[in-house]
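Chemist: Curious how this folds, go ahead:
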Amino acid sequence: MQQIDVLICTIDRGIERVETMLLPPQQGVRYVVSMQYTDAKLLALIPQTLRQRSDVLVTTLAGRGLSRNRNHALSLAEAPWLLIADDDEQFRPSAFRDILAQTAQIGGIDIALLRLNRPDGAPLKFYPKTSAPMPLRQAQRLGYSPASVEMLLRRDALQGLRFDERFGLGSDRLASGEEDVFIAAAERKGLNVCLLPLTIGTTAAETTGDRFLTDPRVQMSKGAAFSAIYGLPSALWRTLKHGAHALIFQRKNPMKIIRNMLRGIRYERKTR
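Modeler: Numbering: from 1, shown residues only. I've put the predicted structure just below:
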């Protein structure tokens, strides 16, 4: 019986990396690999070893949009627990056993946020110190922000919850923010979201925070996410606060940042 579906989303040549991230077959663990492609010729890159493994489901989706791809993978999930993953992760050999051991103890949690390291062994980002599940709101007050690749989802609790396809890599205008909007929607549904003290592997991916000061699309995404989550008045206040923070603590001109965040707010409201 499946206990965990690992939902791996990739695009084009990223499919060539997936083979190296799979652990040896384990009872109760299935991989759902969703490959987006921008040219049908790239489908020939799918390794035969993926198709030959009985614990791997390979599915394809034309076009771009990471949130679209994640939703496609979610639609094919069947296990009680769903682990969101990208194609540049490396799981610890004990990762899935550790997850299953945790799920036996977290009966009231609907979305568990796990931890990842960088390839050099350093934490991917700031994680609050805790030896027990920590409510997301408490973790956020300490400076933590969630990422979709950290999410372990209880499938029965989702109730049709999906990623907002306006947000995320490959979307028309917004390069990030999909995880914040997803989590906010989950909390509005009354789902219990907690951070777990469990590191499951490594990833080379950068975080949105690494690019906020330099990438106009990330700045626009931040404003749009504020609008989607908090509404217009709070989004405007948070935009000004981010601009002031950039000026005071990073010595950056806040005007471009504020302008891009306002563009994101307008876009989110126009496309709502």
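Chemist: got the domain boundaries for this structure?
Modeler: 4-207, 212-270 (automatic domain parsing).
Chemist: Give me the distance between the two termini of the first one.
Modeler: Just to be clear, that refers to domain 4-207. End-to-end distance of domain 4-207: 25 Å, with C-alpha to C-alpha, to the nearest Å as the criterion.
Chemist: what does the last one give?
Modeler: End-to-end span of domain 212-270 (C-alpha to C-alpha): 23 Å.
Chemist: just how off-centre is that domain within its chain?
Modeler: The chain centre lies 20 Å from the centre of domain 212-270; the measure is C-alpha atoms, centre = their mean, to the nearest Å.
Chemist: ok so, going back, quick one: the domains of the chain as JSON lines, columns for mean neighbour count and mean pLDDT too.
Modeler: Where you see a C-beta, it was placed from the backbone N, CA and C, and this is true even at glycine. As requested, the domains of the chain are arranged in JSON lines below (neighbours: other C-beta atoms under 10 Å; pLDDT from 0 to 100):
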{"stretch": "domain 4-207", "mean neighbour count": "17", "mean pLDDT": "95"}
{"stretch": "domain 212-270", "mean neighbour count": "18", "mean pLDDT": "95"}
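Chemist: all strands in the chain, in order from the N-terminus.
Modeler: Counting by DSSP state E, the chain has strands at residues 4-11, 29-37, 56-62, 81-86, 89-91, 111-117, 134-135, 151-154, 193-203.
Chemist: Is it possible to get CSV of these that adds distance to residue 68?
Modeler: Compiled in CSV, these are given as follows (distance: least, C-beta to C-beta, whole Å):
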stretch, distance to residue 68
strand 4-11, 9
strand 29-37, 8
strand 56-62, 7
strand 81-86, 14
strand 89-91, 20
strand 111-117, 20
strand 134-135, 30
strand 151-154, 17
strand 193-203, 21
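Chemist: Tell me which of those approaches residue 169 most closely.
Modeler: strand 4-11 (8.7 Å; C-beta to C-beta).
Chemist: Tell me which strands the closest one pairs with, and in which orientation.
Modeler: Strands that pair with strand 4-11, judged by DSSP bridges, come out as strand 29-37 (parallel), strand 81-86 (parallel).
Chemist: if we compare the ones you listed, which one ends up closest to residue 166?
Modeler: That would be strand 29-37 among the strands paired with strand 4-11, by C-beta to C-beta, at 16.7 Å.
Chemist: Off-centre distance for the closest one?
Modeler: Using C-alpha atoms, centre = their mean, the offset of strand 29-37 from its chain centre is 15 Å.
Chemist: Now do that strand against strand 56-62: the angle between them, please.
Modeler: 20 degrees (axes from the mean of the first three to the mean of the last three C-alpha atoms, to 10 degrees).
Chemist: could you dump strand 29-37 to CSV, C-alpha only?
Modeler: The C-alpha trace of strand 29-37 is given here as CSV (Å, rounded to 0.1, in the frame of the first residue of the first chain):
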residue,chain,number,x,y,z
VAL,A,29,6.9,5.0,-1.6
ARG,A,30,6.0,6.0,-5.2
TYR,A,31,7.5,8.7,-7.4
VAL,A,32,5.2,10.8,-9.6
VAL,A,33,7.4,12.5,-12.1
SER,A,34,5.7,15.3,-14.0
MET,A,35,7.7,16.5,-17.0
GLN,A,36,6.7,19.8,-18.7
TYR,A,37,8.1,20.2,-22.2
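Chemist: Outside of stretch 153-162 itself, which residues are in contact with it?
Modeler: 5, 71, 74, 77-84, 109-111, 182, 185-186, 189, 191 (C-beta atoms under 8 Å, 6 or more residues apart in numbering).
Chemist: and if we set it to 7 Å?
Modeler: Contact partners of stretch 153-162, identified using C-beta atoms under 7 Å, 6 or more residues apart in numbering, comprise 71, 74, 77, 79-82, 110-111, 185-186, 189, 191.
Chemist: could you dump the residues you listed to JSON lines with distance to residue 170?
Modeler: Output for the contacts of stretch 153-162, formatted as JSON lines (distance: C-beta to C-beta, whole Å):
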{"residue": "71", "distance to residue 170": "13"}
{"residue": "74", "distance to residue 170": "17"}
{"residue": "77", "distance to residue 170": "21"}
{"residue": "79", "distance to residue 170": "26"}
{"residue": "80", "distance to residue 170": "29"}
{"residue": "81", "distance to residue 170": "26"}
{"residue": "82", "distance to residue 170": "21"}
{"residue": "110", "distance to residue 170": "27"}
{"residue": "111", "distance to residue 170": "23"}
{"residue": "185", "distance to residue 170": "20"}
{"residue": "186", "distance to residue 170": "22"}
{"residue": "189", "distance to residue 170": "26"}
{"residue": "191", "distance to residue 170": "26"}
